[in-house]
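Q: got a predicted model here, sequence first, then my questions.
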Amino acid sequence: MGVGTLSGLFACAFFYLLEGMRTLSFDLLAGMPLQTASGESLFSVADATHRHPLVFFLLPVLGGLVSGWLVYRFAPETEGHGTDTLIDAFHNRKGHIQTRVPLIKALASVFTLGTGGSAGREGPVALIGGGLGSWMSRRLGFSVRDTRKLLLAGTAAGLGAIFRSPLGGAIIAIEVLYREDFESEALIPCIIASVTGYAIFSMIYGHAKILEVPAYYWSNPLELLFYAVLGFVCVPVGILYIRVFYVVRNRLFRPLALPRIWKPMIGGLGVACIGLFLPQVYGAGWGQLQAALHGNLTVRLMLLVVAGKILATAFTIGSGGSGGVFGPSLFIGGMLGGAVGGISHHLFPHIVTTPEVFVLVGMCAFFAGVAHAPIGAFLMTTEMTGSTYGLVAPLMLVSVIALLFTRKWSIYENQVPGKFDSPAHLGDLTVNILEQMKVEKIFTPEEPPARLQMSMSFSSFRTMIAETDRNYFPVFEGSRLAGILSLKTVRPILFERDVDSLLVVKDVAMPLVTVTPDEDLYSAMSKFLTSGYTQVPVVAQDNPDQVLGYLRHEDLMMAYNREILYRKSEGALPEAAGTGSLHGSGNPPPQDRR
């Protein structure tokens, strides 16, 4: 709750500064206010008496200049969309985010977003919350594992607060790390932190949803066909969005022979040029989504805005500007859904009766596809709009379609396929197979060779071994097992007759090393490595002087290899693995165990 409280308060301050900068820039300086959503406007300003188109044009340029100076002067790691930085910190930096990052990210994002930069606020607020969680964990001396959890908890709190989505914020925080998995261990901390952050934000700013949505319901099964079409339309547009973003960043701005501090300003100029024809691309675009949800935008305009928003977002964030890609993804998906819904309604008005619903479904599906976060996208879309779960069928259908066909692409380049691919879980996923295997499964009980006594003469030992093919022999002192004699050890003097009267078995016996049937093979392997023996006696658990047989190092390794083959084939034991598998029939025959 401490992380949730701190992140919630910072989210409130960030939202206040962001809305203040937007009001100052567009309402007061430019005299051309941006259209806002019902739950977004904090400040009321009298209608402007003078419009300043030049100021409106220059605002993204000036915002990019200030943002670039803040980022590259004080914290270069905060460039771009902060969610990727957060994901990288979780996987590769042990959950560590430097203390200065949240403050610089917040200020740079205020100037980028508040002056019309085409980006979202989830990236900044996620990095702010995650940075606070990382800082708190270090101050309290937590382990790396707990630091990662607090990193995600702070992220969830920030997202849950800024989007008024306590459950969606928690799920996205644990889902966005992977393409095909989620961080289940952090679920409970994320929910607690997200609810706390949301409660604090609501106490200060109220409980109004970001977007005001009419009561939409889905009832006609035939309409699912048109929702499926929307899902398939989201696939190529989503791939185009991802490719344009990284082409602009990697091939246009990164090779650009200019100091990095100037590049966000150039990106802002690109946004301003697009804004000359499509001013709807400025800012997060919640007001335009609100208009689309009420059916106030034409299909043509929505399609144009989709193309313009893709380019504007690539210019803003790809140039190093500070912002997120969640907001633009929702905007693009909503406009795409509105266009598909409008066309479907025009062609089949009796089936598609409420095309505005497609805006809401498109928002969810598009982000689910490009970010591989279907559950979080579904929950956040419904929570931030207050829509009912009556739309669950089309929402999930379209999201799954978009997700299935965009699995090779992701807007987050630091996202990994699953836990098996994350350095954060190397320790968890390194399974000690030998610890799961027992000695009794791989050794064959057998009668031991003649027992040697410590007092036996060396000549008697020489006569005895002529009648056996054993290499190791148990050595007793009376009835007590006291040592082992290895033929390899005595081979250099085996035929030296001069030592017959000088040596007894005790003089050449080696220290005793034994294993029991219920002992695991990892422990047995340790004894092999420590002693250097290639065989050790297997003794009864309740009677350490009773030799049941021998465990050979070679048998242990063969059993290990068989188990690896078995697990790689997912239970289908290849014939090449041979017999004696823990999952097969029988053990190696006794004659092979000499």
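A: That came through fine. Numbering: from 1, shown residues only.

Q: residue contacts, the closest residue to E477 other than its chain neighbours?
A: Among residues not flanking E477 along the chain, M454 sits closest, at 4.8 Å (Cβ to Cβ, 6 or more residues apart in numbering). All C-beta atoms are positioned from the backbone trio N, CA, C, and that covers glycine. For M454, the contact set (Cβ atoms under 8 Å, 6 or more residues apart in numbering) comprises 475-477, 482-483, 504-506, 509.

Q: contact partners of the biggest helix by length in the chain?
A: When the chain is parsed with DSSP state H, its longest helix is helix 223-247. Where contact means Cβ under 8 Å, 6+ apart, the residues beyond helix 223-247 that reach it are 306, 310-311, 313-314, 317-318, 325, 329, 332-333, 336-337, 340-341, 344, 348, 351-352, 358, 361-362, 365-366, 369-370, 393-394, 397-402, 405-406, 409-411, 413.

Q: show the subsequent helix or strand relative to it.
A: Toward the C-terminal end, the helix or strand that comes next after helix 223-247 (DSSP states H and E) is helix 263-275.

Q: P417 and H91, how far apart?
A: To H91, P417 is 12 Å away according to Cβ to Cβ, to the nearest Å.

Q: of the two, which one has the most company?
A: H91 (20 against 14; other Cβ atoms under 10 Å).

Q: contact partners for the residue nearest to the spatial centre of the chain?
A: When Cα atoms, centre = their mean is applied to the chain, the residue found nearest the centroid is L177 (2.4 Å). L177 makes contact with 87, 90-91, 152, 183, 415-416, 422, according to Cβ under 8 Å, 6+ apart.

Q: where is pLDDT lowest across the residues you listed?
A: Within those, pLDDT reaches its minimum at S422, with 85.

Q: residues near that residue, how many?
A: Using other Cβ under 10 Å: S422 sits among 22 other residues.

Q: same question for T115.
A: Neighbour tally, T115, other Cβ under 10 Å: 29.

Q: my read is that it contacts L65, right?
A: No: taking Cβ atoms under 8 Å as the definition, T115 is not a contact partner of L65, at 9.6 Å.

Q: quick check: neighbours shared by those two?
A: Shared contacts of T115 and L65, defined by Cβ under 8 Å, 6+ apart, are found at G268.

Q: give me the domain ranges for the chain.
A: Here the domain assignment for the chain is 2-424, 434-593, based on automatic domain parsing.

Q: please identify the most buried of those domains.
A: Most buried of the domains of the chain, by mean neighbour count (mean count of other Cβ atoms under 10 Å): domain 2-424, with a mean of 22.

Q: distance between the ends of that one?
A: 24 Å (Cα to Cα, to the nearest Å).

Q: contacts for the particular helix or strand that has F378 in it?
A: Here F378 sits within helix 374-385, counting by DSSP H and E. The contact list for helix 374-385, computed with Cβ under 8 Å, 6+ apart, reads 159, 163-169, 171-173, 175-176, 182, 209-211, 213, 293, 330, 360, 363-365, 367-368, 371, 387-389, 391-392, 395-396, 399-400, 403.

Q: over to stretch 510-523?
A: 432, 434-440, 442-443, 475, 481-486, 489, 524, 527, 530-531, 533, 536-541, 544, 548, 551, 556, 559-560.

Q: how about Q35, secondary structure?
A: coil (DSSP: H, G, I helix; E, B strand; the rest coil).

Q: quick check: the spatially closest residue to it that is not a sequence neighbour vs M525, distance?
A: Counting by Cβ to Cβ, 6+ apart, G287 is the residue found nearest to Q35 once chain neighbours are left out, at 3.1 Å. To M525, G287 is 67 Å away according to Cβ to Cβ.
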